[in-house]
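Colleague: using only what follows, build the 3D model:
(one chain, ligands or ions: 1)
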Amino acid sequence: MAGIRLEHVYKVYPNGTKAVNDFTMDISDKEFIVFVGPSGCGKSTTLRMIAGLEEISAGNIYIDGKFVNRVEPKDRDVAMVFQNYALYPHMTVYNNMAFALKIRKLSKQEIDQKVRSAAEILGITDYLNTKPKDMSGGQRQRVALGRALVREPKVFLLDEPLSNLDAKLRTAMRSEISKLHRKIQTTFIYVTHDQVEAMTMGTRIVVMKDGFIQQIDTPSNLYNYPCNKFVAGFIGTPQMNFYKANLSCEKEGVRVKLPNTDVNILVPHSCFVKAAKRSLSGEKPVVLGIRSEHLSVDPNAYPYKAKCRVSYVENLGIDSQLYADFNTETEESITDSETKVIIKAPANVRFEEGSIIEVSIDFDNVHLFDAETEQTLLPRVPQSVDVDLAVQKGNARLLGNELTLPAAYDLPDGNYTLKLPVEALLSGGALALNVERTEEVDGKTLAHLRSGDEVVFALCEPSFDPNQGFDIDFRKCSILQNDEVVVPAVPSQNNLPFGVRKYGHGKKAVYKLAIGDGEIDCESYVTQKIVESFGRDAFRLSFRMLLAPDNICVSQEGFNAVVTGVSDFGNYKYLRCDVNGTEVYVQTDNLPIVGEQVCLNVVNTANVHVYSPDIDLLIV
Ligand code: ADP
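Modeller: Numbers count the residues shown, from 1 in each chain. Presented below is the predicted three-dimensional model:
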């Protein structure tokens, strides 16, 4: 039993294929994790890197808290089950299962006990003397599982184990594997391209595409809150209906029109409360997503009606699917139409082909995506909200409250926009805000806070008391005027270029980091890792380090910088410094004068992240 941690794991194959990029995830003990995505998205490569069958190009893997990057597969305490079973055809089931234990030189008695106990769990006791060639696909897959089970591994890795089975057997084996997981209470990682398999088996699912994680979430969150159009389309059958949509903001709500159709619906603002105002104004092209189960052939099921032209009905027994088109005049085939719609309907509904019917849409459950980036515009937790900020004689008016801004904001009188990230709005403080609604989000409470027309969001502990007011961490906010940033947020990480220098040879070699015009000492494992990854090139390339403002300090030695500004947030003060053309923020209590030269150093080089110069690989 073990947890697994993958930290910024990359795989670049020798032919240059970037199969896996920046895979970071914590898997808890006993979880059933599914990696899902289309063929070639990097699922198997990730699994094989965990197993130790594939070398990793960058990043770190820990199993049960132990760093395993350089640990042999056999010593990782993982067992892998493959699609093709990989059984020995000439050996009996018993011997297939006993094989790995014999190699480990376990006593006959121990082997017998383990094989029989695994056979019992999997229901194959009667087949122990049979050879795999005389067994069905499902039975063989059970033997393959048994072979993994007898080893009592900390982690089970399963690579498309059911894809050779027919549909009926797959469904049966799916529940067998879930049962096995519950019984043996071990961490499982399961790779599949089948979203139904993923949704029915995983406690959490990792959706991948082109080597990148798209979303890691529970099955219900993936279904209800897909983070982008790809996940929305990949999860759920039939596929979500997608439409280019024209939106415009009106006083009573948001008007939604679908081009080339009569669809023209005024939806209350509350349906889109989590969307940025700008994305609803019609400035940006958007895609509306509606699942077939959020449409009804009953025009009165929801208050939002639309006409469509019936193409055909597929009766599925328990229910049916109506294929139609919101464009009631189209001659185009339904498969090519951009305005086609699939609607879940009761069993045995009958509609005449070509008839025009009225349906209704559940707008409380629609999805909205940016047409260019394909990211959701209705996130479960809005990352940031733009709010109006009026400044007059040093005093500010924000969300219906009068307040004094920190000294860092030395703003002339005028109207501004404050970009307020959700993590900057904290419960407890002088800001009075009205809690309009709360919802549970992964153990936290998302509070919808209203002031007039404006709604902002705070992610609070479930025990928070709205009467204790709220506070804003202004360091995390930026201020804009006419779409231009006038005060940027304090970056959580500085991005500083550096080189590696070597002095001396062999065991006596000393490595330093060259930053700006100076050099600093460094944790040896950081330089060691860079040299390991880049060989002699390490000494001529320029790397980048990400380090927090409180990880740089004003010091007697290090590298020189010129103070270009001071940001005073009361409890936290920062210097803005120029290091050879790069701006860095330094958290400090002593504030030199702007224009002065200071010497800076890194507080702890173990707390930096190092990136390679060109391909953006995380090295340390
Ligand atoms: P999946 O399991 O999601 O189908 P893989 O992890 O097998 O995807 O492959 C991810 C990508 O890496 C694909 O583009 C594949 O062609 C490529 N790839 C896999 N193995 C190798 C290899 N040994 N050499 C080069 N490219 C590879």
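
Colleague: how about the secondary structure of the nearest residue to Asn590 once chain neighbours are set aside?
Modeller: Residue nearest to Asn590 in three dimensions, not counting chain neighbours: Val554, with 6.8 Å by Cβ to Cβ, 6 or more residues apart in numbering. (Glycine included, C-beta is placed from N, CA and C.) Of the three states, Val554 takes strand according to DSSP: H, G, I helix; E, B strand; the rest coil.

Colleague: equivalent analysis for the one 5 residues further on, please.
Modeller: With three-state DSSP as the basis, the three-state label of Phe559 is strand.

Colleague: where's the residue of the stretch 51-200 of the chain found nearest the ligand, which helix or strand?
Modeller: Residue nearest to the ligand within the stretch 51-200 of the chain (Cβ to the nearest ligand atom): Val191, separated by 6.3 Å. Val191 is part of strand 187-192 when elements are defined by DSSP states H and E.

Colleague: return the distance of that strand from the chain's centre.
Modeller: Relative to the centre of its chain, strand 187-192 is centred 17 Å away, using Cα atoms, centre = their mean, to the nearest Å.

Colleague: contacts for it?
Modeller: For strand 187-192, contacts defined as Cβ atoms under 8 Å, 6 or more residues apart in numbering pick out 1-4, 27-36, 43-44, 47, 50, 154-163, 177, 181, 197-198, 201-202.

Colleague: do the same with stretch 73-86
Modeller: With Cβ under 8 Å, 6+ apart as the test, stretch 73-86 has contacts from 2, 47, 50-53, 63-64, 68, 132, 140-141, 143-145, 147-149, 151, 153-164.

Colleague: give me the buried entries from these.
Modeller: Listed as buried from those are 2, 47, 50-52, 63-64, 68, 132, 140-141, 143-145, 147-149, 151, 153-162, 164; burial here means 16 or more other Cβ atoms under 10 Å.

Colleague: can you tell me which of those residues are in strands?
Modeller: The members of those that map onto strands under DSSP state E are Ile63, Val155, Phe156, Leu157, Leu158, Asp159.

Colleague: which positions in the stretch 351-500 of the chain make contact with the ligand?
Modeller: Within reach of the ligand by Cβ under 6 Å from any ligand atom, the stretch 351-500 of the chain has no residues at all.

Colleague: now the spatially most central residue of the chain: how far from the ligand?
Modeller: In the chain, the residue lying closest to the centroid (Cα atoms, centre = their mean) is Gln215, at 3.5 Å. From Gln215 across to the ligand, the span is 16 Å (Cβ to the nearest ligand atom, to the nearest Å).

Colleague: beta partners of that residue?
Modeller: Counting by DSSP bridges, Gln215 is bridged to Val207.

Colleague: I figured it hits Pro226, correct?
Modeller: Yes. Gln215 is within contact range of Pro226, at 6.9 Å (criterion: Cβ atoms under 8 Å).

Colleague: near the ligand, which residues of this structure?
Modeller: Within the chain, the residues that sit near the ligand (Cβ under 6 Å from any ligand atom) are Tyr13, Asn15, Thr17, Ala19, Gly37, Ser39, Gly40, Cys41, Gly42, Lys43, Ser44, Thr45.
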